[in-house]
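Novice: just the structure for this:
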Amino acid sequence: MRFYGFGNYYLSSLQQGLQAGHAISRLYTRTQPGTEGFKILHEWGNHHDTMVLLNGGNALNLQELYDFFIDLKEKGMYLPFQKFHEDQQSLGGALTYVGMIVPERHYEAAAAIRTLRLDEVSQYYEVNEFAEWEIQLVERMNMYRLAS
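Specialist: Alright, predicted model coming up:
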């Protein structure tokens with residue numbers, strides 16, 4: 001498992017790392033105990049701790065990503081995700097970070113898809129029995145680059 005974080009590209013690398021910490025803190029304080037998401041979050045926190053910090057674009061891009069996660073949740077996704085807004089005094093309440101805990105199945109698929117020819121991608125998803133929401137998640141993960 002890995003934490004995938006998407007930071008506002010107007011922030012410095014250091015600030016993006018700090019915002020990731022805020023998002024993780026929100027995950028721990030706002031994920032409902034007893035849910036599948038809670039179990040996944042604690043598995044990550046106790047045994048994995050790996051973070052992948054990506055450039056998520058501006059606040060509008062981050063909101064679209066968060067809305068995408070909400071839509072996936074409504075379709076049955078169980079992965080914990082959260083967003084972080086700065087306070088009004090600092091950045092006028094700007095959305096600065098969105099993050100999610102992602103199981104190995106999804107980030108390994110994202111890596112594999114980056115190496116395949118376009119005509120091989122759908123076969124990969126079919127052979128590995130990916131649900132539509134999983135395909136959308138993997139494709140979204142591959143849209144963003146490492147934060148710098």
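
Novice: H22 contacts H85, doesn't it?
Specialist: No: under the criterion of C-beta atoms under 8 Å, H22 makes no contact with H85, lying 9.2 Å away. (C-beta placed from N, C-alpha, C; glycine too.)

Novice: mutual contacts of the two, please.
Specialist: T96 (C-beta atoms under 8 Å, 6 or more residues apart in numbering).

Novice: mind checking how far S90 is from S148?
Specialist: Separation of S90 from S148 (C-beta to C-beta, to the nearest Å) stands at 23 Å.

Novice: next, the residue nearest the centre of the chain: secondary structure please.
Specialist: Per C-alpha atoms, centre = their mean, the C-alpha nearest to the average position across the chain is that of M100, at 3.5 Å. Recorded secondary structure, M100: strand (DSSP: H, G, I helix; E, B strand; the rest coil).

Novice: so what's the closest residue to it other than its chain neighbours up against?
Specialist: Counting by C-beta to C-beta, 6 or more residues apart in numbering, F81 is the residue found nearest to M100 once chain neighbours are left out, at 3.9 Å. Applying C-beta under 8 Å, 6+ apart, we find F81 in contact with L27, Y66, F69, K73, V98, G99, M100, I101.
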